[in-house]
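S.K.: coords below, sequence missing:
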């Protein structure tokens, strides 16, 4: 990977997220659905006996607890030599997106850090509450009823629930990653991932059924996201198994069109319409100088004159990969790179690798159709 490719990877983000700053050098972003959670918590708290100010304090404390949870993952990952690309806050929690999958022993420490920190915070707050005014009523129904006197206890309970819930041995919770790291010590990472993924889906189904029977629709909402996360991890494990040991050249697109850096935006649009191609390498002679994707082209058509040069709207920090790179290693690169990466041997363009043709390649492998390995040219 070239330095420019690494730069591009660090700039990618989960769609629908908005940056709110960075902590310890890790970008922190809010997913737009996180606003729904804040509205729900505010509305739910209006009927309690706390003031609006204490409602806000409680919500901010829960937000800080989730953020600390994810930061602990990021800091331990940094100690293990794994960079965190970003932390994204979702309605049911946060996600610390790592640059690569850590080794099993590393993942054990990284995954354990979040729940451990939340349990530590819960114990610390309970001690502070006891030393301040004593725990007046620790019954669960009292902790769930907001009052001025039990704010610390409720924040402690929130951290305790967050820590214990994430320790459930199923993806995508931390407990599932702990389970995978332990299983991976005795079997392959893909097999360990499949077991943890199945456990996650089973847990999600049980949570969903219980939520429906008890009319706890928030639990059904959480179960839905847990099932999606577990299913995605299982698919990713299958993809790694089917692509392991296969070079990029076997899956790359070799029949493609290019643009010259002197072509106009209008000419690029005509090429977009006349082909099924969505991404176009931009050439200056025999040298690749950029990559023009469909979104950049449409944006240029909307903001610029059709006679503007494609060189003004192309991406100069495109991701390039080697034709001999293992496809299993290319999967996380493609996940972070965008819709397309260029396959290059030095400065020579050999092909293109897109998410679509990569998915088609995995599908063919799954059905036992194994495309032959292509040559070096």
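M.R.: Alright, I've got the coordinates. Fair warning: this is a prediction, and the values are worked out from it, not measured in the lab.
S.K.: was I right about residue 309 contacting residue 262?
M.R.: Yes. Assessed by C-beta atoms under 8 Å, residue 309 is found in contact with residue 262 at 6.3 Å. The way it works is simple: take the backbone N, C-alpha and C, and place the C-beta from them, glycine included.
S.K.: The two - which one has more neighbours?
M.R.: Taking other C-beta atoms under 10 Å, residue 309 and residue 262 do not tie; residue 309 has more neighbours (19 against 12).
S.K.: for the more buried one, phi and psi?
M.R.: The phi/psi pair for residue 309 (degrees, to the nearest 10) reads phi -80, psi 150.
S.K.: thought residue 168 was touching residue 175?
M.R.: Yes. The criterion here is C-beta under 8 Å, and residue 168 meets it with residue 175 at 4.6 Å.
S.K.: quick one: which of those two has more around it?
M.R.: The neighbour comparison of residue 168 against residue 175 (other C-beta under 10 Å) goes to residue 175, with 23 against 19.
S.K.: Could you tell me whether that one really is in a helix?
M.R.: Yes. Checked against DSSP: H, G, I helix; E, B strand; the rest coil, residue 175 lies within a helix.
S.K.: Give me the buried positions along stretch 226-243.
M.R.: Across stretch 226-243, burial judged by 16 or more other C-beta atoms under 10 Å covers 226-227, 229-231, 233-234, 236-243.
S.K.: do the same with stretch 100-119
M.R.: Neighbour counts over stretch 100-119 (16+ other C-beta under 10 Å) mark 101-102, 104, 106-119 as buried.
S.K.: Report the central residue of the chain.
M.R.: Residue closest to the average C-alpha location in the chain (C-alpha atoms, centre = their mean): residue 97, at 5.0 Å.
S.K.: Hmm, residue 87 and that one touching each other?
M.R.: Yes. Between residue 97 and residue 87 there is a contact at 7.5 Å, judged by C-beta under 8 Å.
S.K.: Can you tell me the closest non-neighbouring residue to residue 201?
M.R.: In space, not counting the residues next to it along the chain, residue 201 is nearest to residue 230; the distance is 4.6 Å by C-beta to C-beta, 6 or more residues apart in numbering.
S.K.: Following element in sequence after the helix or strand of the chain with the lowest mean pLDDT, please.
M.R.: Of all helical and strand segments in the chain, the minimum by mean pLDDT, DSSP states H and E falls on helix 3-11, at a mean of 39. The C-terminal neighbour of helix 3-11 among helices and strands, as given by DSSP states H and E, is strand 17-23.
S.K.: What helices and strands are in contact with that next one?
M.R.: Contacts defined by 3 or more C-beta pairs under 8 Å, 6 or more residues apart in numbering; DSSP states H and E place strand 17-23 against strand 26-31, strand 84-90.
S.K.: Which residues outside whichever helix or strand comes after the longest one are in contact with it?
M.R.: Downstream of strand 84-90, the next assigned helix or strand under DSSP H and E is strand 93-98. With C-beta atoms under 8 Å, 6 or more residues apart in numbering as the test, strand 93-98 has contacts from 14, 26, 66-67, 69-71, 73-74, 77, 82-88, 110, 162, 166.
S.K.: ok now do the residue nearest to residue 201, which residues does it touch?
M.R.: Contacts of residue 230 (C-beta under 8 Å, 6+ apart): 170-172, 176, 196-201, 203-204.
S.K.: Show the backbone phi and psi for residue 245.
M.R.: Torsion angles at residue 245 (phi, psi; degrees, to the nearest 10) stand at phi 90, psi 0.
S.K.: I figured it hits residue 326, correct?
M.R.: Yes. Counting by C-beta under 8 Å, residue 245 touches residue 326, with 6.7 Å between them.
S.K.: Comparing the two, which shows the higher neighbour count?
M.R.: Ranked by neighbour count (other C-beta under 10 Å), residue 245 and residue 326 place residue 326 first, with 15 against 9.
S.K.: Residue 180 versus the more buried one, what's the distance?
M.R.: 21 Å (C-beta to C-beta, to the nearest Å).
S.K.: what do you get for residue 251?
M.R.: Residue 251 sits 26 Å away from residue 180, taking C-beta to C-beta as the criterion.
S.K.: Between those two, point out the one with more neighbours.
M.R.: Counted by other C-beta under 10 Å, residue 251 and residue 180 do not tie: residue 180 has more neighbours, with 27 against 23.
S.K.: The more buried one touches residue 190, doesn't it?
M.R.: No. Contact criterion C-beta under 8 Å: residue 180 and residue 190 do not qualify, at 10.0 Å.
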